[in-house]
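Peer 1: just a sequence and a predicted model for now, questions to come.
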Amino acid sequence: MNKDQFIKKIVCIGAGYVGGPTMAVIANKCPDYKVTVVDISRKRIEAWNSSQLPIYEPGLRDRVEKARGKNLFFSTDIDAEIAAADIIFVSVNTPIKTFGEGAGKAVDLQFIEQTAQRIKKNSSSPKIVIEKSTLPVRSADTLDTILHSGKNSVRFEILSNPEFMAEGTAIRDMEEPDRVLIGSHETPSGHAARDELVKIYSRWVPEQKIITTNLWSSELSKLVANAFLAQRISSINSISALCEATEADVTEVARAVGCDSRIGKKFLNAGIGFGGSCFRKDILNLVYLCEYYKLDDIAQFWQAVILINDNQMDRFVSRILKTMFRTLVDKKIAVFGFAFKPDTGDTRNAPAIYICKRLLEEKAHLSITDPHALPNAKKDLDGIDEGVKYIEDPYEAVKGAHALVLLTEWSEYCGLDFQKIYDNMKKPAFIFDGRNHLNHRKLFEIGFNVYPVGKPSLTHI
């Protein structure tokens, strides 16, 4: 399609885990829209324009290659693309503050403010500005104030359109969403802007799945959704500790509980805790908001979700140490999986980071393997990885190991030859399955001493 024939021009500021996949899907579903993803990182943009995309996500490469150069573009010319845009998605980093008021809980909004200033500076025509980054409630006020400050006569409409994609299933989540949420000002111009975004999503999303709310409800809904999911994980992990103490089986408990239609079975898999860029950050932000509005008892409730998650990782490491005769000095441990979940190379807040650091503190030697996350693992452990080897081949990683510790439930691991693995390990050979992913009875019959999460151990010692 000729560039002058596009009915609208969309720009997404931020080419990360949200911006890239979101725009790839929109470009595929809306070939008559020009979609451009911009970023300050030239290296990242060059990767998006190459055969080696900067992130791994099933189905992403196919969507990018289908639309790239036709109606999907990646650029570092941020100012020019802002000037030409009709619709701007803001998908920049919103980390937790590490300084000043709210440090450790509040969201650092400096990149949002910088982006708003840049949009204002380079706009001479009305635009719809859409919050795609996860932001605190009332952040739209900040954007609105900045964009309409000074002598600027350009009018902007602010929308909230939080993403509900999960890494590893981002393309499917975008193409077959449970819902699309769009928040707007309850004004005629706000509704008109909202309708423009509804037009885009309605190309492939059924009308009943497109939910419209006011701005503040939309902003808060994203935080609450992630908080509820994380709370379920912490809840079942708290029960896993009780199961280990009583010799109950957490999988059987979860199945029984999940059969209750009021509860459901999702997010009831016990493990070593949640990771990723969203859960911890969003809960901490929720805690900060509750404290800000003097809702201290509610803040303590959500803070406990974080504490239980952290305790689960500590319990896992303590169990390894206790089982292996209370010393890991000079023992080799093969770590299977470093990404915070399968089907992604993302390691942000991955439990593997904390667990590996604790194992290194005990003077263990680590051999880490992961299908896609080894480059990020090297960055995460940089400076403390003197006792670490990064090995792509899992069979090489376990040679001479005293223990195998599974931290990410990659499907590939279920198909490995564990007899071969057992034969190449030191004896007694231990497996600590942090995700209850493997066939524990079969491993025990091979000769392993098996330690699941929230289940009785199977041992020969």
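Peer 2: Structure received.
Peer 1: continuing past the helix ranked longest in the chain, what's the next helix or strand?
Peer 2: Using DSSP state H, we find that the single longest helix of the chain is helix 215-246. Counting by DSSP states H and E, the next helix or strand C-terminal to helix 215-246 is helix 250-258.
Peer 1: residue ranges of the helices in the stretch 351-461 of the chain, please?
Peer 2: All helices of the stretch 351-461 of the chain, identified by DSSP state H, counting those that start in this stretch, fall at 351-361, 374-380, 394-397, 418-423, 440-446.
Peer 1: could you pull out the strands for the protein?
Peer 2: 8-13, 33-38, 72-75, 87-90, 127-131, 156-160, 180-184, 210-214, 332-336, 365-369, 388-390, 403-406, 430-433, 449-451 (DSSP state E).
Peer 1: check contacts around K357.
Peer 2: K357 makes contact with 381, 384, according to C-beta atoms under 8 Å, 6 or more residues apart in numbering. Heads up, the C-betas are built off the backbone N, CA and C, glycines and all.
Peer 1: can you pull the pLDDT of the spatially most central residue of the chain?
Peer 2: The centroid of the chain falls nearest to G276 when counting by C-alpha atoms, centre = their mean (3.8 Å). pLDDT recorded at G276 is 92.
Peer 1: count of neighbours near K151?
Peer 2: The tally of other residues near K151 (other C-beta atoms under 10 Å) stands at 4.
Peer 1: most tightly packed of the helices of the stretch 351-461 of the chain?
Peer 2: helix 351-361 (a mean of 21; mean count of other C-beta atoms under 10 Å).
Peer 1: and the angle from that helix to strand 365-369?
Peer 2: Taking axes from the mean of the first three to the mean of the last three C-alpha atoms, to 10 degrees, one finds that helix 351-361 is oriented at 160 degrees with respect to strand 365-369.
Peer 1: does P162 touch L181 like I think?
Peer 2: Yes - with contact defined as C-beta atoms under 8 Å, P162 reaches L181; the gap is 5.9 Å.
Peer 1: so what are the domain limits for the chain?
Peer 2: Here the domain assignment for the chain is 3-205, 312-451, based on automatic domain parsing.
Peer 1: right, and these - which one's nearest L286?
Peer 2: Closest to L286 of those is domain 3-205 (C-beta to C-beta; 9.0 Å).
Peer 1: what bits of the chain have low per-residue confidence?
Peer 2: 1-4 (pLDDT under 70).
Peer 1: in it, what residue sits furthest out from the centroid?
Peer 2: The chain, C-alpha atoms, centre = their mean, max distance from centroid: K151 (39.7 Å).
Peer 1: that one: what's it in contact with?
Peer 2: Per C-beta under 8 Å, 6+ apart, neighbours of K151: none.
Peer 1: and it, backbone torsions?
Peer 2: When read as degrees, to the nearest 10, the backbone of K151 gives phi -100, psi 10.
Peer 1: re the thing from before, what's the overlap in contacts for P162 and L181?
Peer 2: Contacts common to P162 and L181, judged by C-beta under 8 Å, 6+ apart, are 218, 221-222.
Peer 1: L109 touches R138, doesn't it?
Peer 2: No - using C-beta under 8 Å, L109 is not in contact with R138, being 11.1 Å away.
Peer 1: and those two? which has more neighbours close in?
Peer 2: Between L109 and R138, counted using other C-beta under 10 Å, the more crowded position is L109 (20 against 12).
Peer 1: so what's that one up against?
Peer 2: With C-beta under 8 Å, 6+ apart, L109 has these contacts: 94, 135-136, 139, 142.
Peer 1: distance of it from H191?
Peer 2: From L109 across to H191, the span is 27 Å (C-beta to C-beta, to the nearest Å).
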